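J.: Show me the folded form of this:
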Amino acid sequence: MVFQEGCPNIVNLTKAFASRGIRASLFQIIEDGKIKSTQYWPLEPGAFQSYGKMFVNTKKVRAAVHSGSVPPRHIYS
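T.: From the prediction side, this is the model:
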């Protein structure tokens, strides 16, 4: 779908914690014992990973700390 729609950027957002996967260079995102996502981007910014006719270039990697708290939600009527 990324290739079909011509997406210039991919953002992977998850509230799960990353744990080491089978391959030493990859991380897997696991929620409730199920693999939800596997890292497909290179670890180092500026590096490339090829997938057939496509390639992924890492521009920036930023990790955020998840506090576990739910942000306040305001409903106005």
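J.: Now do the same contact list for the closest residue to Y40 other than its chain neighbours.
T.: Once flanking residues are discounted, Y40 sits nearest to V56: 6.2 Å by Cβ to Cβ, 6 or more residues apart in numbering. Placement of C-beta: from N, CA and C, glycine included. By Cβ atoms under 8 Å, 6 or more residues apart in numbering, the residues touching V56 are I10, Y40, W41, P42, F48, Q49, S50.
J.: Going through those, which ones are buried?
T.: W41, P42 (16 or more other Cβ atoms under 10 Å).
J.: okay if I get the contacts of V56 as TSV plus secondary structure and pLDDT?
T.: Below are the contacts of V56 laid out as TSV (DSSP: H, G, I helix; E, B strand; the rest coil; pLDDT from 0 to 100):
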residue	secondary structure	pLDDT
I10	coil	77
Y40	coil	79
W41	coil	78
P42	coil	81
F48	strand	89
Q49	strand	87
S50	strand	89
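J.: just the helices in this protein please.
T.: 2-5 (DSSP state H).
J.: what are the ranges of the strands in it?
T.: 18-20, 27-31, 34-38, 48-51, 54-57 (DSSP state E).
J.: Listing request: residues of this protein with sub-threshold pLDDT.
T.: Scanning the chain for pLDDT under 70 picks out 13-26, 63-77.
J.: let's see it at 80
T.: Applying pLDDT under 80 to the chain picks out residues 1-3, 9-31, 36-41, 43, 60-77.
J.: picking up where we left off before, name the residues linked to the residue nearest to Y40 by a beta bridge.
T.: Beta-bridge partners of V56, counted by DSSP bridges, are Q49.
J.: Quick check: it vs M1, distance?
T.: To M1, V56 is 15 Å away according to Cβ to Cβ, to the nearest Å.
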